[in-house]
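> Got a sequence here, can you build the structure:
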Amino acid sequence: MKGIWGMSKNYTIARINIGGENFEILVKPDPAFDYRSGKSISLSEVLVTDVIFTDANKGLRAPEKKLKEAFGTTDPIEVAKIILKKGTLQLTAQQRRKLIEEKRRQIIDFISRNAVDPRTKLPHPPMRIEQALEQVHFSVDPFKSVEEQVNEAIKALRTILPLSIEKISVAVKIPSEYTGKSYGILKSFGTVKSENWLSDGSLLVVLEIPAGLHGPLLEKIGEITHGNADVKILK
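Numbering: from 1, shown residues only. Take a look at the predicted model:
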């Protein structure tokens, strides 16, 4: 890609959209990927510059007023941390392949551990699951979590592979201020059996999910709602 300083291969862009406003930073591809992956690396090794842009390729800087409104601070380092953690990072082709392969491995591992062949009651070997995913042309999304993709993978596999997976029903109560962010995530974890909007604006959803996704569901919903959701397994 061509950059504003002619650094065509020396940087990539991380961006986030908040309230309809776009914010971008210039980062070094490999250090940024490592930072985003949770490795211990200094932000100074990641950033090409500490300038926050609305459009990096055009060199348009974000006004301090907009930074304050969106992030609660004008400190470019603090803003950069938020963008790297919660925003979207442009990946190189090599990074994209690596991330897809890692998530494919994790999806295969989850299914191998949680699903069985209903005829034999034995788990399918990982190699069989991998070959079946290739056969159904399942496409792994490098930007979605493994948990969000497991259900789609299982649905696709069932067209050619007998799969039985233990499921549980859970009731999830989401406070009104978090319903917008949470609803799509809830649907991605399983099948919505019922949903009710309560008088206080909160949302009560009953989900049927693979038993192995209970822990990841708790973690994800807790992260979105800052621990203010109620999740209960139904008998």
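> Give me the buried positions along stretch 86-105.
Within stretch 86-105, the residues that count as buried by 16 or more other CB atoms under 10 Å are Gly87, Leu89, Gln90, Leu91, Gln95, Leu99, Lys103, Arg104. Using the backbone N, CA and C atoms, a C-beta is placed for each residue, glycine as well.
> Tell me which residues are up against the helix or strand the fifth one falls within.
The secondary structure element spanning Gln95 is helix 93-114 (assigned by DSSP states H and E). By CB atoms under 8 Å, 6 or more residues apart in numbering, the list of residues contacting helix 93-114 from outside reads 29-30, 33, 91, 123-126, 129-130, 133, 140-142, 146, 149-150, 153-154, 157, 163, 165-166, 210-212.
> Next SSE downstream of it?
Next along the chain from helix 93-114, counting by DSSP H and E, comes strand 115-117.
> residues in contact with that next one?
Leu122, Pro123, His124, Ile154, Pro162, Leu163, Ser164, Ile165.
> Mind pulling up the pLDDT for the fourth one?
Predicted confidence (pLDDT) for Ile154: 93.
> tell me the contacts of Ser194?
Ser194 touches Val205, Val206, counting by CB under 8 Å, 6+ apart.
> Is it bridged to anything, and to what?
Taking DSSP bridges, one finds Val206 as the beta-bridge partners of Ser194.
> can you map out the strands along this protein?
For the chain, strands defined by DSSP state E occupy the ranges 12-18, 21-27, 53-55, 60-61, 88-89, 115-117, 122-123, 164-165, 167-174, 191-197, 203-210, 230-234.
> which of those strands sits most buried?
Greatest average neighbour count among those goes to strand 21-27 (a mean of 23), per mean count of other CB atoms under 10 Å.
> helices or strands next to that strand in the packing?
Applying 3 or more CB pairs under 8 Å, 6 or more residues apart in numbering; DSSP states H and E, we find strand 21-27 packed against strand 12-18, strand 53-55, helix 64-71, helix 76-86.
> rerun that using 10 Å as the cut-off
For strand 21-27, the packing partners by 3 or more CB pairs under 10 Å, 6 or more residues apart in numbering; DSSP states H and E come out as strand 12-18, helix 29-36, helix 43-46, strand 53-55, helix 64-71, helix 76-86, strand 88-89.
> out of those, which comes closest to Gly180?
Set against Gly180 and scored by CB to CB, the helices and strands packed on strand 21-27 come closest in strand 12-18, at 14.0 Å.
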